[in-house]
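Peer 1: need a structure here:
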Amino acid sequence: MPSTEQPPLNDIQLTLLRLFSREMSTDEVEAIRRLLLDYYEHALQGEVQRVIEEKNISPKDFEERLNRQQRTSK
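Peer 2: Predicted coordinates:
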């Protein structure tokens, strides 16, 4: 069986482990989860916007792609 070596934890992972090494309420866990999801959603939206601008993609391009996928998925 091949061994899978895990890379070492990075600084942010270590910091988060230290911060969250205490008991937390369900509300606290949910608030932190929401905070992280919001952060990554914002980062993803920024990246999508950057690619749209870089590749000069128009709303019409999105619509054509969506229609093409719907026709071929049946």
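Peer 1: just how off-centre is the lowest-mean-pLDDT helix or strand in the chain within its chain?
Peer 2: Lowest on mean pLDDT, DSSP states H and E among the helices and strands of the chain sits helix 59-72, with a mean of 83. On the basis of C-alpha atoms, centre = their mean, to the nearest Å, helix 59-72 sits 24 Å off its chain's mean C-alpha point.
Peer 1: CA atoms only for it, dumped as PDB, please.
Peer 2: Taking C-alpha atoms only, helix 59-72 is exported to PDB below (Å, rounded to 0.1, in the frame of the first residue of the first chain):
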ATOM      1  CA  PRO A  59     -23.300  38.100 -21.000                       C
ATOM      2  CA  LYS A  60     -24.200  36.800 -24.400                       C
ATOM      3  CA  ASP A  61     -21.200  34.400 -24.300                       C
ATOM      4  CA  PHE A  62     -22.600  33.100 -20.900                       C
ATOM      5  CA  GLU A  63     -26.100  32.600 -22.400                       C
ATOM      6  CA  GLU A  64     -24.800  30.800 -25.400                       C
ATOM      7  CA  ARG A  65     -22.700  28.500 -23.300                       C
ATOM      8  CA  LEU A  66     -25.600  27.700 -21.000                       C
ATOM      9  CA  ASN A  67     -27.900  27.000 -23.900                       C
ATOM     10  CA  ARG A  68     -25.300  24.700 -25.500                       C
ATOM     11  CA  GLN A  69     -24.800  22.800 -22.300                       C
ATOM     12  CA  GLN A  70     -28.600  22.300 -21.800                       C
ATOM     13  CA  ARG A  71     -29.000  20.900 -25.300                       C
ATOM     14  CA  THR A  72     -26.200  18.400 -25.000                       C
END
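Peer 1: List of residues touching it?
Peer 2: Residues from elsewhere that reach helix 59-72 (C-beta atoms under 8 Å, 6 or more residues apart in numbering): none. For glycine as for every other residue, the C-beta is placed from the backbone atoms N, C-alpha and C.
Peer 1: could you say which helix or strand contains the residue sitting nearest the centre point of the chain?
Peer 2: In the chain, the residue lying closest to the centroid (C-alpha atoms, centre = their mean) is Y40, at 4.7 Å. In this structure, Y40 sits in helix 26-54 according to DSSP states H and E.
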